[in-house]
Structure formats: structure tokens, C-alpha cells
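J.: next come a sequence and a model predicted from it.
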There are 2 protein chains.
Amino acid sequence: MLGAALMLVHTGRAPTRSALTAELGVTRATAGAAAGELAALGLIRVDTHPTAPPTGTHGRPSHRLAVAPRGPVVLALQVHVDGYRAALVGLGGRVVDTRWGCVTVPQEPAAVIDAVVAAGADLLRATKLRCVGVGMAVPSAVSEPEGEALDAFNVAWSVGTPVSAELGAAVRRAGLEGPGGAPPPYFVGNDANLEALAEHRHGAGRDARHLLYVTTGHRGVGGALVLDGRLHTGSAGLALEVGHLTVDPAGRPCRCGGRGCLDVEADPLAFLQDAGRTPGPEPSLLRQAVDLLRQSDRDAGVRGAADLLADRLGLGLAGLVNILNPDRIVLGGLHSALLSAQPRRLHAVVAERSLWGRGVPLLPSGIGRAGLVGAAELAWQPVLDDPVTALEAAPA
Amino acid sequence: MLGAALMLVHTGRAPTRSALTAELGVTRATAGAAAGELAALGLIRVDTHPTAPPTGTHGRPSHRLAVAPRGPVVLALQVHVDGYRAALVGLGGRVVDTRWGCVTVPQEPAAVIDAVVAAGADLLRATKLRCVGVGMAVPSAVSEPEGEALDAFNVAWSVGTPVSAELGAAVRRAGLEGPGGAPPPYFVGNDANLEALAEHRHGAGRDARHLLYVTTGHRGVGGALVLDGRLHTGSAGLALEVGHLTVDPAGRPCRCGGRGCLDVEADPLAFLQDAGRTPGPEPSLLRQAVDLLRQSDRDAGVRGAADLLADRLGLGLAGLVNILNPDRIVLGGLHSALLSAQPRRLHAVVAERSLWGRGVPLLPSGIGRAGLVGAAELAWQPVLDDPVTALEAAPA
DNA sequence: TCACTTTGTGCCGCTGCTAAACAAAACGGA
DNA sequence: TCCGTTTTGTTTAGCAGCGGCACAAAGTGA
């Protein structure tokens, strides 16, 4: 109950106390008690006297609810192909402060993770905010419950790298303090999964019951599914490996052994190649591809490559629609840019190649740094599940 | 709580009161009270003095729990290509009595549904058992929440046939009486989905957290997914249309507009054709194919067709494994027979063509008439969710 | 027959919620 | 300006569900 109330404030669905009452489906008394407890825990702020609220309705104005401005935060970390980023994230997905660094690939996982955790520890020292959890996004499938990276070829980590264990060690080495003085709980997730979670809680996926998220990194295609508000990661954390759907049987060979996988046919590199460009070393492949896509109305070659990308992505999405029947699809990375640039062809292909995909809304991603925000969601989850227990969290 | 307890007895996971206590994770007092209430409702039987229980353990023997022998039943109905079947099904998936009939295609939906409901009403009159719900399985995708059949080409119903409404009308016409004297609640589902549900509750899918079910009818391939004990039907009931996964880009044309879909490459008709047989009018395509598959160790042509079927099905399953990461796969229809006949090739293809499919257990279906049992599960669901409310169910 | 183990049952108290009555804060009309 | 209406916040009483505990019951084995 407390957790459900906090989630409603967290996701912005309960901006007032009366909205909280309605969303929870309980009496005013119960909702009021919950709001009071959350305020006492320092998680939310209850504005008893909202200054000049232009209501326009009858009746007593409701108290406004908001996340506490200097309440606890979580440490959100992200490792990607050429660097890392650390951020302090409050409730509501508010990024308080952020810091980043570069690494040259290949690099030992432990060294990278130590560096990103150290950056986070710096942030915490500088702001003196209380840290209640650590979440990290990595560009790899992550097995559950072991927390091992299984295909982190982007960052040149070997199969089976114990990312979760390394993160735990780094957290202890950095001397981070969580609830009860013990090291804060820490979690690792795949970046595409976490971006999907962020989109569902705070972005274009809000209120979707079955949200399909598909995105590109610099290389490859990732997917995720959020069902009834919870990430569907499959039985071992390995679901939604959408990169190996076949979209062109005569296409490029893929490291999975097949040909014409989405992973190699609908990612930034494929798009640059299809447009006849030779990818340069700088900036990132994703940025080069997005910049190029902007020229599609002036350059016929680019336009052709964009059409090809839309056809292939659309075919892949159509297959996913047949299997998952989502009520919304959010696209990230290059696919988000493609959707914004020319929505029609993509919609048409999905409608044509799926059985009942005509009405599925396709939306571009709605938040920046979704990976970081998603990592924060992971770290917030224990608090959202049971605020009291998570905040007092007796050390082991 | 009461519902959870009933579910445990229903699925056979709580054969004794102490097992119920352990599975529910509550105190003996609470579990005892729940068992007492369910017995008072006439749903289960508590054997206080189990005669001669060969325990072999220390301590006081636990009371045995079982579904009530003459407790209420649900009416399970199934419509298929050339006929229908009605059954009374008790808790625990026990088929009390069954009755069937034939129809010649094409036939008006209302007429078929009237006939199958009438058969069910006969059964109820003959046994004088109390009916608490009606469930019907149809060979078509069923939209939610409207309850319309969307691709019932097998039974020649037009797109958008309001099956749920027709069933409701037939139930009222037949004068069936449910809880409180009102017509019993009625539900419609896709047959593959309901078979999956039956397998999960009572068959080869027991205790799987992420169960993927794939099966053939006489024509086409169907799939279903059971997540954490609940059927995943997608946002509009249209998920798991696995029949249109491409498994042979140069293959047969499919009514979806594509080529080489699972639907036309891994169904009984395709197998018969691949083996060089001309399908006869009798018996059903499924039966002909299963009978033929039995000869695969004597006939090289049949063996080749079986290998081809295993390759194509395996490729389709591998794709599904990449997307859904199930912890178990159960196969029905012709695919079940294929798995029993030659498990090795199928296992090998799934392992080879999926990223992490090596360890996924593949099992043949474990119950007969799974469609009927699944339809019964659908009808039982309100009782399993909240026995008290469902059984007293005030009329509208 | 006597420990010992395991299970069923009754009683007490805590927790979390609802219901109901009352108070507070806005609006609009006389 | 006053008062009725509407909506919301607050307080109190009461109920239902469940856990904890103590005790009784029904087996096993020495």
C-alpha cells in the first residue's frame, strides 16, 4: 500500500492527495495516512497550503504532493562502449547531478566499474545526499539471478563476466553508505531493458499496459517488454533478444550464425553503409547515423537507406507485434530518429506485415539519458516495493 | 488467500493440510481456517481420519485434502473444425462426463454454439450437478475484451463473429442456472491458449514460471505463453500468433501475405505433403500426420519429412526462445508426436539456432482433451480468484 | 509405557483498512 | 456579507485477517 502510493507520486500520476485517493481506490483516511507516512520518511512533500492554485472547480483545494526536494537519492551508473556516466537520481526520475568519464576499449571490467563507482562516490560527497541504492546499466544481456554479462562484445568483456559481483566489490571498496550504515543494495541490468523501464515510468510509455521498446545502441538492436508495470526479463533475464529476428534472409552474416538479423540490418552501421557512407572514428556511430538521417529529404541515397531501414525495422516490429500484441511501441536510438523523420513508411510496414498491427501506436522515446534513469528505477525498486523496510534496512 | 488455497488443492500442490500451510507460507491456524472454509463451501473435502496412511515419517499424520467428489462443476465446451464437444469438469481438471456431436462446415456460429450448449445442458440435467461457470474453446484468436473471433477460417466463421455474445445468448436460451439462480458466467478463449493453461495447471507445464506452448491443430500452428501462472494474451488477446514466424523464406505462400510461415511449413498438411502423401478426407489431417510419423523409422521419405519438420519447428522455437526466454516448452498436436518420436534433432536445432536455448526443457503435452480442460480452467477462474464471491454471485 | 515429532485448534493481540461523522476551505448566489 | 453547496482533510470507532503462542492430538520408535 505504502509502496503503491509512493509509485503513484513517483510516476506523477498522483499530483494531489485526492488523486492519490482515487488512484489507490481506498478511502481518504487511508490515502491521507499513507501520504503522511511517506512525508515522515522524507520521501515526499505535502503542500498543505498551495499558494495560488488556479483550480477552476468547486470545493476545498486538495493538498499537492511532490517528491521531497532534498530527499534520498540513488546512484545511477551506466557503462557504454567508450565511457561511463554516474548520476544521482531522486524520486520522479529527477537527475540531481551527473559526472562522466572516458575509457579506451578494451578495459578490464573491474577497472571500469571502480571508476564509475568512484565518480558516483564523488557526487555523493559533494552533495551530502543520502544514497539508498545503486543501479548500473550495461550494454549486454545480464543473466538472472547471477548477474553475469553474457554478450558484452561492445565493451569487450568476456562471456560470463560477473558484473553484479564486481559492482558489489566496487561499492564496498568505495565505502558507500546506504540505509542503516551498511553498503547500499546494488543492481545491474541490461541498458535496453532499463531504458524501457524509464520510458514506462516517466516517458513515452506512461500508462501502457504492454509496452514494447526497441532501440539501437552504436551497434546492434535491443528490445524490452514491460508488462503491467514490471520488466519482463524472461526466466533467466535473457528475454527480448530481438536482435536476431531475421529481416532479410539474403542479408549480412551475423555473429549468431544466421543471416540478415535485425542486429546487423537495422543498426547505425548498417544505415551508414546502406547510405554509401564510410563510418568515421568520431563521433559515435549512433550520432553519425542520426545526423545523416536528418539529410534524408535532401539526399536520395540517404532517403533510400532510410526507407530500407524502415522496411527492415517494420518487418521486425511486425513479427514482435504478432507474438507480443503490445498496446504501445516506443522506439529509441536511431529508430526513434527514424520514426520522427518519416513516420508513415514505418507505420505502413508494421500494419501490412503483422496480423493486427494496424492500430498499435508507435512513439519516439520521450526522455534523454533513459539508461541512467532506468538504472535509477532499478535501484529505487526496493523502496517502491516497501519504503519502510528499504529505508531502515538492517545490515546483514 | 482463500483463492490461493483453493488453487493449491486444485492443482494438486497441496495434498495435505500441512502442505497447504507450507505452500501458502502462513501459520497452521490460518491454513486450517482456509481449508475449513473451502470445505464449508463444498469445494474441497478434508479427510480428518485418513484410513491407513503409509507415511513412513514421524509425527501426527496430516489431514488429506482433495477436491469435493460431488462438488460444483463447470461446463466446458469446445468447437472444432468438424464438430463440438461438451463436458462437465470438476476441480482438479477432473472430467466428469462428456458428450459430442458433429457439424458440417460451413455452419452458422449461433447454430453450432446452440448445439454445444444444449449438449452441455443435457449433461447437467442428467447428473444434477451444480454449474458455476461456462468456458468455451474456439479455433480462432479471440479479441479482448469484446470476445470476437478474428481468424476462425477453420470453422468458416467470418471475421468479427461475436462469439462471446453468442455464447451468452445460448446460455440464456438453454436456461442454465449458475450461482444465485442467475445464468452462470461464461468465457471464451482461443483453443491453443486454453490448452496451454491446462498444461500449466495439470499437465507437463506444472510449476513452470514461463511456459511456452506450441501446437498444431489440423491446419496451422498455435502458441501460447503462461507467465507466473496467468495466460499472457497480450493487450487485445492477440498475442502468441506464432504461426507467422518465417522459417523458410523460399517456402509456401501463406494467407498472411508472406512466405514460409510456420503456419504452412510445420503443420500436419505440410508434413503429409513433404512425405509425398496425398491427404485423404478421413480421418483428420492431424490423425493422418501422427499415424504417418510413427512410420518414420521404416520409411526414408517419412523420415526426411520428419527431419524437415523438426528443422522448421526448431527454427521457429529458437526465435521464440530468443524473444521470450521461457523456462519450459511444451508441445502439442503433431509437434508433441514429433518430439516423442525423435527428440534429439529438435533439441539440437533449438540449441543451435537460439542464443541461450541450450538448456530449455522440451516436453510433449501431458493431458488429453487439453482444450476442454483449459476451457474449464477459464470457467473456474472466478472461483479460484475469490471462492466466496463467485459462489454466492448475486444476480445482476 | 514413555519420550519425541509433527500436526490441529483455540485464544489473544496487532495491523490495516472502512465507515461515518465532523471540520475546513474553496465557490457562487441572494 | 452571509449562507448553502461542493470537495477535501481529520478524527474516531469498529471490524476482519493474520501471526504468535500455548496446548491438545496422533502418530513413531526405543
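T.: Structure received. Quick caveat, the model's predicted, so the values are computed rather than measured. Residues are numbered from 1 along each chain as shown, chains lettered A, B, ... in the order given.
J.: and after the biggest helix by length in chain A, which helix or strand comes next?
T.: Across chain A, the longest stretch assigned as helix under DSSP state H is helix A:300-324. Going down the chain from helix A:300-324, the next helix or strand is strand A:328-331, by DSSP states H and E.
J.: that following strand pairs with which strands, and in what direction?
T.: Sheet pairing of strand A:328-331 (DSSP bridges) gives strand A:210-216 (parallel), strand A:362-364 (parallel).
J.: only alpha carbons, please: show the longest one as PDB.
T.: Looking back up the chat, that one is strand A:210-216. Extracted C-alpha coordinates of strand A:210-216, given in PDB (Å, rounded to 0.1, in the frame of the first residue of the first chain):
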ATOM      1  CA  HIS A 210       2.100  -3.900 -22.600                       C
ATOM      2  CA  LEU A 211       4.900  -1.800 -23.700                       C
ATOM      3  CA  LEU A 212       7.400  -2.900 -26.300                       C
ATOM      4  CA  TYR A 213      10.600  -1.000 -26.500                       C
ATOM      5  CA  VAL A 214      13.100  -1.300 -29.400                       C
ATOM      6  CA  THR A 215      16.300   0.700 -29.700                       C
ATOM      7  CA  THR A 216      19.700   0.800 -31.200                       C
END
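J.: next secondary structure element downstream of that strand?
T.: Following strand A:210-216 in sequence order, the next helix or strand is strand A:221-227 (DSSP H and E).
J.: mind giving me the packing neighbours of the helix or strand that comes right after that following strand?
T.: The helix or strand immediately downstream of strand A:221-227 is strand A:230-231, counting by DSSP H and E. Helices and strands touching strand A:230-231, by 3 or more Cβ pairs under 8 Å, 6 or more residues apart in numbering or on different chains; DSSP states H and E, are helix A:191-202. C-beta: built from backbone N, CA, C; applies to glycine.
J.: and the helix it packs on with strand A:210-216, angle?
T.: In terms of direction (axes from the mean of the first three to the mean of the last three Cα atoms, to 10 degrees), helix A:191-202 departs from strand A:210-216 by 130 degrees.
J.: show me what helix A:191-202 is packed up against.
T.: Packing contacts for helix A:191-202, counted by 3+ Cβ pairs under 8 Å, 6+ apart, involve strand A:131-138, strand A:210-216, strand A:221-227, strand A:230-231, helix A:370-385.
J.: can you tell me which of those comes nearest to DNA strand C?
T.: Closest to DNA strand C of the helices and strands packed on helix A:191-202 is helix A:370-385 (Cβ to the nearest atom of the strand; 13.9 Å).
J.: can the helix or strand just after the closest one be said to contact DNA strand C?
T.: Downstream of helix A:370-385, the first helix or strand assigned by DSSP H and E is helix A:387-392. No. Using Cβ under 7 Å from any atom of the strand, helix A:387-392 stays clear of DNA strand C, coming no nearer than 8.0 Å.
J.: show me which residues of helix A:387-392 are buried.
T.: A:Pro387, A:Ala390, A:Leu391 (16 or more other Cβ atoms under 10 Å in any protein chain shown).
J.: now do stretch A:10-26
T.: Buried residues in stretch A:10-26 (16+ other Cβ under 10 Å): A:10-12, A:14, A:16-21, A:23-24, A:26.
J.: stretch A:95-107 now?
T.: For stretch A:95-107, burial by neighbour count (16+ other Cβ under 10 Å) applies to A:Val95, A:Thr98, A:Arg99, A:Val103, A:Gln107.
J.: the first one pairs with what?
T.: Bridge pairing for A:Val95 (DSSP bridges) gives the partners A:Val89.
J.: and stretch A:291-311, C-alpha only, in CSV?
T.: This file holds the C-alpha atoms of stretch A:291-311, laid out as CSV (Å, rounded to 0.1, in the frame of the first residue of the first chain):
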residue,chain,number,x,y,z
ASP,A,291,23.0,13.3,-38.2
LEU,A,292,22.9,11.6,-41.6
LEU,A,293,19.2,10.7,-41.2
ARG,A,294,18.4,14.4,-40.9
GLN,A,295,19.6,14.8,-44.5
SER,A,296,17.1,12.3,-45.9
ASP,A,297,14.9,14.9,-47.5
ARG,A,298,17.8,16.3,-49.5
ASP,A,299,19.9,13.3,-50.4
ALA,A,300,18.2,10.5,-52.4
GLY,A,301,20.8,7.9,-51.3
VAL,A,302,20.2,8.7,-47.7
ARG,A,303,16.5,8.6,-48.3
GLY,A,304,16.8,5.1,-49.8
ALA,A,305,18.8,3.9,-46.9
ALA,A,306,16.1,5.3,-44.5
ASP,A,307,13.4,3.5,-46.4
LEU,A,308,15.4,0.3,-46.2
LEU,A,309,15.8,0.8,-42.5
ALA,A,310,12.1,1.4,-42.1
ASP,A,311,11.3,-1.7,-44.1
